[in-house]
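Asker: mind folding the following:
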Amino acid sequence: MKSYFVYILQCCDNSYYVGVTNDVEKRLYEHQEGLIEGCYTSDRRPVTLMHVEEYGDIIDAISREKQIKGWSRAKKRALIDEDYVMLVKLSKGSPLK
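Answerer: Presented below is the predicted three-dimensional model:
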């Protein structure tokens with residue numbers, strides 16, 4: 001079974017980049033070397049891999065990538081830190097806000 005990965009990179013300017021791939025090591029190398037023309041990370045190297053999630057279905061992986069891309073920086077940081085209490089607090093409609 002093929003795996004797909006959603007990943008978060010931290011760029012040298014402390015911004016986050018969220019992507020999806022079927023080969024994390026190769027994709028990280030491409031980001032680090034600036035091999036992806038026009039990519040957000042091209043002018044923000046070096047990058048650091050901060051978070052990875054694995055999926056068996058590309059549709060699920062793409063859906064999750066889009067979801068995370070729509071999150072605030074604070075919510076992405078909570079995911080990276082595995083701070084699930086803060087993730088809930090930062091979610092829209094959360095009764096814990």
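Asker: could you list the low-pLDDT ranges of this protein?
Answerer: 93-97 (pLDDT under 70).
Asker: now do the helices in it.
Answerer: Assigned by DSSP state H, the helices in the chain fall at 24-33, 58-69, 73-80, 84-90.
Asker: any idea which of those is most buried?
Answerer: Ranked by mean neighbour count, those are led by helix 73-80 with a mean of 17 (mean count of other CB atoms under 10 Å). Every C-beta, even on glycine, is put in place using the N, C-alpha and C of the backbone.
Asker: helices and strands around that one, which ones?
Answerer: In this structure, helix 73-80 makes packing contacts with strand 4-10, strand 16-21, strand 48-55, helix 84-90, judged by 3 or more CB pairs under 8 Å, 6 or more residues apart in numbering; DSSP states H and E.
Asker: rerun that using 7 Å as the cut-off
Answerer: Counting contacts by 3 or more CB pairs under 7 Å, 6 or more residues apart in numbering; DSSP states H and E, helix 73-80 packs against strand 48-55, helix 84-90.
Asker: switch these over to CSV; also include distance to Asp23.
Answerer: Below are these laid out as CSV (distance: least, CB to CB, whole Å):
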stretch, distance to Asp23
strand 48-55, 12
helix 84-90, 27
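Asker: for Val18, find the nearest of those.
Answerer: strand 48-55 (8.9 Å; CB to CB).
Asker: may I see the buried residues of that closest one?
Answerer: 50-51, 53, 55 (16 or more other CB atoms under 10 Å).
Asker: quick check, nearest of these to Tyr29?
Answerer: Using CB to CB, the buried residues of strand 48-55 come closest to Tyr29 at Met50, 16.2 Å.
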